[in-house]
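Colleague: structure of the sequence below:
(3 chains)
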Amino acid sequence: MSDLPPETPKLGLPLTSSLHHSYSQKQKSLGLLCTNFLALYNRDGIETIGLDDAASKLGVERRRIYDIVNVLESVGVLTKRAKNQYTWKGFSAIPAALKELQEEEAKDTFHRFYLNENVKVSDDEDDEEESSSQPHSSSQTDTSKSSPIFRFLQNRYFLYNRREKSLGLLTQNFIKLFVCSEPRIISLDEAAKLLLGDAHNTSIMRTKVRRLYDIANVLSSMNLLEKTHTLDSRKPAFKWLGYNCEPTFTLSSDLMQAESKKRVFGTDLTNVSVKRTKTHEHATERRMKKHAVAESSYNQTFDAHGSRGYEFGPFSPATGTYPTASLEDNSKRAFDVENLVSDYRPSYQNQVLKDLFAHYMDAWKSWYSEVTQKNPLPNTSQQHH
DNA sequence: TGATCCCGCCACAGT
DNA sequence: ACTGTGGCGGGATCA
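Modeller: Next up is the predicted model:
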């Protein structure tokens, strides 16, 4: 139905901008918002941040604050304290957070390598297998759907799935991409591919890339990231800068302006002002349609293959960088350990990771020799099959 | 035209 | 029922 006209006359709107309704995307970018956010809260005496406070001070809707807060939290700058409230940790918390990410990744890699745990199942729905509703002519599936157990599992599924797709986790996995490999310049397409594992329809890719833009923008405003081009091609890409002790982000001077002359950013409290015109009702329609589809595809997915839709681990070794050994290859692997290690190690240019890997390696070796001494298994390690 | 990415609907979670 | 969160992708802007 007809909503209010999209251009409701709004209070306190800068004449200049309202006259020639020049819409500037940049003025409202997430990166800029983040800069202002940091300028606002990265100072002494701040320990608690209220979302409403931030939203109103920055002149944006809450939704945008969530975006920022989620990525800030994923690098340790913030911590959720309670509903609507975050605790400010500051930039000094970044190194530890990054280190933890490195460790996580090293651990994952270790497991993938030695335990062959890449059971990864991507979170996409590229399975075109009958896009129509599943043929379940047997009514028994329907009854089972109403069972408490089903609902419980369904809930778990949702929770897990949601977490898997959260901006925060995506941020961490994105960062791992940089922190754990040497070519510290990655295009977002590339990143999306790595994070997605393998094979995905363009729709999933597009969505992922959109999110990566969001993330990259706030990381850039923190000076953890920088936009450049890939060395070879002219493709735009991002370069990891890492944390350089100094609070490198520019303490935006316009914050002062914002403070004094109200709303440099946003210009409105209710975001109803000079926005991109859009047919409201159509948007709603689209929604309905979209969600109807999504829902059916979910049901289908869940029914068809119970655990489908999960993505184990941050990202799969889609690039084939990791030597994979199957579990039944025990004996062979045992003899190759040293070689494998030296083969593998070079892919870690990063000293921290080298050390970590060495650490795991030592642990594993001592464990292994212990086991093999008690249980001499020359070439017959696989006989128990 | 392809790269960017703002915007806000609405599903799901929490009270 | 009502509020807090935040996934998601259409389509406007930018280069």
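Colleague: would you map the helices across the stretch 1-150 of chain A?
Modeller: A:15-19, A:30-41, A:51-58, A:62-74, A:94-115, A:140-145, A:148-165 (DSSP state H, counting those that start in this stretch).
Colleague: any idea which of the ones you listed scores lowest on pLDDT?
Modeller: Sorting those by mean pLDDT places helix A:15-19 lowest, at a mean of 34.
Colleague: surely A:R64 touches A:L33?
Modeller: Yes: when contacts are counted by Cβ atoms under 8 Å, A:R64 is listed as touching A:L33 (6.0 Å). To be clear about C-beta, it is placed using only N, CA and C from the backbone, and glycine gets the same treatment.
Colleague: tell me, what's touching the two both at once?
Modeller: By Cβ atoms under 8 Å, 6 or more residues apart in numbering, A:R64 and A:L33 have these common neighbours: A:L58.
Colleague: enumerate the positions of the helix or strand hosting A:K239 that are buried.
Modeller: A:K239 belongs to strand A:236-240 when assigned by DSSP states H and E. Across strand A:236-240, burial judged by 16 or more other Cβ atoms under 10 Å covers A:A237, A:F238, A:K239, A:W240.
Colleague: do that strand and DNA strand B meet?
Modeller: Yes: contact between strand A:236-240 and DNA strand B, assessed by Cβ under 7 Å from any atom of the strand, occurs at A:P236.
Colleague: can you list the residues that contact that strand?
Modeller: Taking Cβ under 8 Å, 6+ apart as the rule, strand A:236-240 contacts A:175, A:178-179, A:184-188, A:190-191, A:216, A:220, A:224-230.
Colleague: out of the residues you listed, who's near DNA strand C?
Modeller: Within the contacts of strand A:236-240, nothing lies near DNA strand C by Cβ under 7 Å from any atom of the strand.
Colleague: buried subset of those, written for ChimeraX?
Modeller: To isolate the buried members of those in ChimeraX, using 16+ other Cβ under 10 Å:
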select /A:175,178,179,184,185,186,187,188,190,191,216,220,224,225,230
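Colleague: what parts of the stretch 101-250 of chain A come near DNA strand B?
Modeller: So the stretch 101-250 of chain A meets DNA strand B at A:155, A:158-159, A:162, A:188, A:206, A:209-210, A:213-214, A:216-217, A:227, A:235-236 (Cβ under 7 Å from any atom of the strand).
Colleague: may I ask which two of those are separated the most?
Modeller: A:N155 and A:K235 (41.5 Å; Cβ to Cβ).
Colleague: so is the strand holding A:K239 next to DNA strand C?
Modeller: No: counting by Cβ under 7 Å from any atom of the strand, no contacts exist between strand A:236-240 and DNA strand C, the nearest distance being 9.3 Å.
Colleague: what lines up beside that strand in the sheet?
Modeller: strand A:185-186 (antiparallel), strand A:225-229 (antiparallel) (DSSP bridges).
Colleague: and for the shortest one, what are the contacting residues?
Modeller: Spelled out, that is strand A:185-186. Against strand A:185-186 from outside (Cβ under 8 Å, 6+ apart): A:L177, A:F178, A:L194, A:T228, A:T230, A:L231, A:A237, A:F238, A:K239, A:W240.
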